[in-house]
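Visitor: okay, here's the prediction I keep looking at, along with the sequence it came from:
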Amino acid sequence: VQLVESGGGLVQPGQSLRLSCTASGFTFSTYDMSWYRQAPGKERELVARFPSNGGGTNYLDSVKGRFTISRDNAKNTVYLQMNSLKPEDTAVYLCNAKKFFLTTLIGPYWGQGTQVTVSS
């Protein structure tokens, strides 16, 4: 199982970034895919989630209206479009995959993370 994130970088406040996470080693379409982030000295937090069944996406309140999660099952890739970035969005962003088989949790699997820094 491998999750590889890309697309992070240094941007100014108000600018945009698009993160990508490409998966391999498992049946991507059957897994719930999420983006988490972790800033220095803070706990890891769920940013956005896209369930495998195509149901409603979920977002952290502070990113609603600015971030959009999407997935392309044909490319085994999940994306996070981040607009109107703020300094408080600065963190390492990590891709996460998990699923439930009946009542058994499979995963979660994590990528290595990609750094997003928002600074003027």
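Guide: Perfect, I can see it now. Since the model is a prediction, treat every value here as computed from it, not as a measurement.

Visitor: mind checking the SS state of residue 109?
Guide: Classification of residue 109 using DSSP: H, G, I helix; E, B strand; the rest coil returns strand.

Visitor: who does it bridge with?
Guide: Beta-bridge partners for residue 109, by DSSP bridges, are residue 97.

Visitor: return the distance of it relative to residue 120.
Guide: In this structure, residue 109 and residue 120 are 35 Å apart, going by C-beta to C-beta, to the nearest Å. (Each C-beta comes from the backbone N, C-alpha and C, glycine too.)

Visitor: more crowded one of these two?
Guide: Comparing residue 109 with residue 120 by other C-beta atoms under 10 Å, the one with more neighbours is residue 109, at 17 against 7.

Visitor: quick one: the helices in this protein?
Guide: In order along the chain, the chain carries no helices (DSSP state H).

Visitor: quick check, central residue of it?
Guide: The residue lying closest to the centre of the chain (C-alpha atoms, centre = their mean) is residue 35, at 2.1 Å.

Visitor: show me what contacts that residue?
Guide: Listed by C-beta atoms under 8 Å, 6 or more residues apart in numbering, the contact set of residue 35 reads 19, 21, 46-49, 69, 78, 80, 93-96.

Visitor: restricted to strands, list the residues you listed.
Guide: Among those, the residues falling in strands (DSSP state E) are 19, 21, 46-49, 69, 78, 80, 93-96.

Visitor: and those residues, which of them are buried?
Guide: Among the ones in strands among the contacts of residue 35, those buried by neighbour count (16 or more other C-beta atoms under 10 Å) are 19, 21, 47-49, 69, 78, 80, 93-96.

Visitor: all good on my end, thank you.
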